[in-house]
Structure formats: structure tokens, C-alpha cells
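Asker: coords please:
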Amino acid sequence: MTDIDVIIRGAKVIDGTGNPWFYGDVALTGDTILDVQPAGRIPAENAREIIDGTGMVVCPGFIDIQSHSIIPLMRDGRCLSKITQGVTTEIMGEAWTPAPFGGRIAGTKPSMLAIDGADDWSDRMRGWSHFRDWLDAMVDRGVSPNGGSFFGGGTLREYIKGMEMERLSDDEMSAMKRVMAEAMEDGAFGVSFALIYPPDVYMTDNE
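Answerer: Numbers count the residues shown, from 1 in each chain. Alright, predicted model coming up:
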């Protein structure tokens with residue numbers, strides 16, 4: 001076998017396929033899994049480091065499909081509370097996203113970030129005229145988990161209509177479609193509404 005950086009030995013291995021767990025060894029080189037075998041089957045002499053996994057679990061990272069880690073990631077890109085639970089992918093964007101900022105979104109909106117050390121992001125957020133500006137800022141700053149996001153539906157409606165309860169006009173509907181299309185070109189997976197919160201709750205079936 002190729003030289004091995006690390007062998008994790010004797011852990012409970014859950015492979016993510018739905019199969020039952022088993023006691024096994026996992027061989028790693030860099031960020032690549034070289035092999036997974038029942039315990040004791042991978043020769044240790046080729047390994048630079050052996051980690052005793054007794055009493056521990058080795059498994060693929062978990063995906064939080066409805067993450068609310070936007071502000072925590074701004075406070076501390078390590079996101080230790082999630083990483084230490086095994087969450088390696090965050091899917092964000094239910095109802096609200098910090099970008100794009102503009103249109104009819106109130107000037108006080110960035111104050112949502114003015115908590116626990118995230119307030120320095122408020123000024124930056126005012127310049128995020130495109131959905132990708134937020135994503136790029138996270139990459140530039142550095143975050144531990146993988147991340148992706150829907151476009152917050154409340155943000156989309158507020159961008160076009162503010163917090164008004166009325167139906168959208170034809171022109172406003174066209175503008176909403178344009179802003180949504182731009183966000184998806186920027187990397188949004190789609191749009192995600194939370195219909196119990198304003199302004200999402202003001203939406204009609206047509207929207």
C-alpha cells in the first residue's frame with residue numbers, strides 16, 4: 001500500500017451507506033481516504049501516525065440542510081460548535097440572507113449582525129449588492145465547514161417591496177424574477193421562504 005499519513009484504528013466505522021457500523025481501521029493520506037478495513041487489516045508499518053479510535057466513531061461529515069449559521073460564521077469562521085458535532089457542510093438561506101443589500105431593504109437591516117462581535121460586518125454588508133458578494137466574503141475570510149445557500153425569500157421580497165403587505169405589481173414581479181435569476185447565477189441553490197414570518201407571510205400564491 002502507498003505510504004500512509006494516518007491510520008485511525010479500532011473505531012466504530014459508519015460508512016454513510018446505511019450499512020451497520022463495524023469496528024475498523026481507516027487509512028488517510030493528506031485529505032484522501034486510502035482504505036477502510038475491518039480492525040487490524042491495514043498494516044501499521046507504513047503509517048506515519050497511528051490514532052487510537054477506541055470508543056470513538058469515524059463517519060462521513062454531517063450536512064445541516066437547514067443551517068442558521070450565517071451570523072455564527074461571521075463571528076468566528078471556525079464554527080466550532082458545529083465542527084465538533086461532525087457537521088462539515090452548512091446549507092443556509094431560510095427566509096433571510098445578508099445579500100443582496102439594497103432595493104427597499106431598510107437601512108437598519110445590518111443591525112441584525114451587531115451582536116457578539118459580528119458588528120464589524122454591518123458596514124461591509126451595505127456594499128453587498130449581489131448575492132455572491134456575501135459568499136465571496138465568507139471564502140476570503142475563511143470558514144471551516146463547506147457552505148452553500150438558498151436565497152432568503154424574505155430578503156427577496158423585502159428587496160422589491162419592503163415590508164408592505166400588498167400584492168406585487170406586474171413590474172415588481174418582473175423585478176423579483178430578475179433579482180432571483182441574478183442570485184442563482186451567483187450561486188444560490190434556489191429560494192427558501194419561511195411563510196410564518198414577515199415579509200414572507202405577505203406572499204400570494206402567484207408569487
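Asker: Need the phi and psi values for Gly91.
Answerer: One correction, residue 91 is Ile, not Gly. phi -110, psi 110 (degrees, to the nearest 10).
Asker: The lowest-mean-pLDDT helix or strand in the chain: what's the following helix or strand?
Answerer: Within the chain, no helix or strand scores below helix 121-125, which has a mean of 82 by mean pLDDT, DSSP states H and E. Counting by DSSP states H and E, the next helix or strand C-terminal to helix 121-125 is helix 131-141.
Asker: Same question for that next one: list its buried residues.
Answerer: Across helix 131-141, burial judged by 16 or more other CB atoms under 10 Å covers 131-135, 137-138. Where C-beta positions appear, they are placed from N, C-alpha and C, glycine not excepted.
Asker: Which elements pack onto that helix?
Answerer: Judged by 3 or more CB pairs under 8 Å, 6 or more residues apart in numbering; DSSP states H and E, the packing partners of helix 131-141 are strand 146-149.
Asker: Run the chain-centre distance for the strand it packs on.
Answerer: The chain centre lies 3 Å from the centre of strand 146-149; the measure is CA atoms, centre = their mean, to the nearest Å.
Asker: quick one: buried residues of it?
Answerer: Of all the residues in strand 146-149, those buried under the rule 16+ other CB under 10 Å are 147-149.
Asker: Report all helices and strands that that strand contacts.
Answerer: Helices and strands touching strand 146-149, by 3+ CB pairs under 8 Å, 6+ apart, are strand 87-92, helix 131-141.
Asker: Give me the sheet partners of it and which way each runs.
Answerer: Strand partners for strand 146-149, identified by DSSP bridges, are recorded as strand 87-92 (parallel).
Asker: Report the rounded mean pLDDT for the strand it pairs with.
Answerer: Averaged over strand 87-92, pLDDT sits at 96.
Asker: Quick check: buried residues in that strand?
Answerer: Per 16+ other CB under 10 Å, strand 87-92 contains these buried residues: 87, 90-92.
Asker: do stretch 159-174 as well
Answerer: 159-161, 168, 172.
Asker: Tell me how far stretch 59-71 lies from the chain's centre.
Answerer: So, by CA atoms, centre = their mean, the centroid of stretch 59-71 is 6 Å from its chain's centroid.
Asker: Done for today, thanks.
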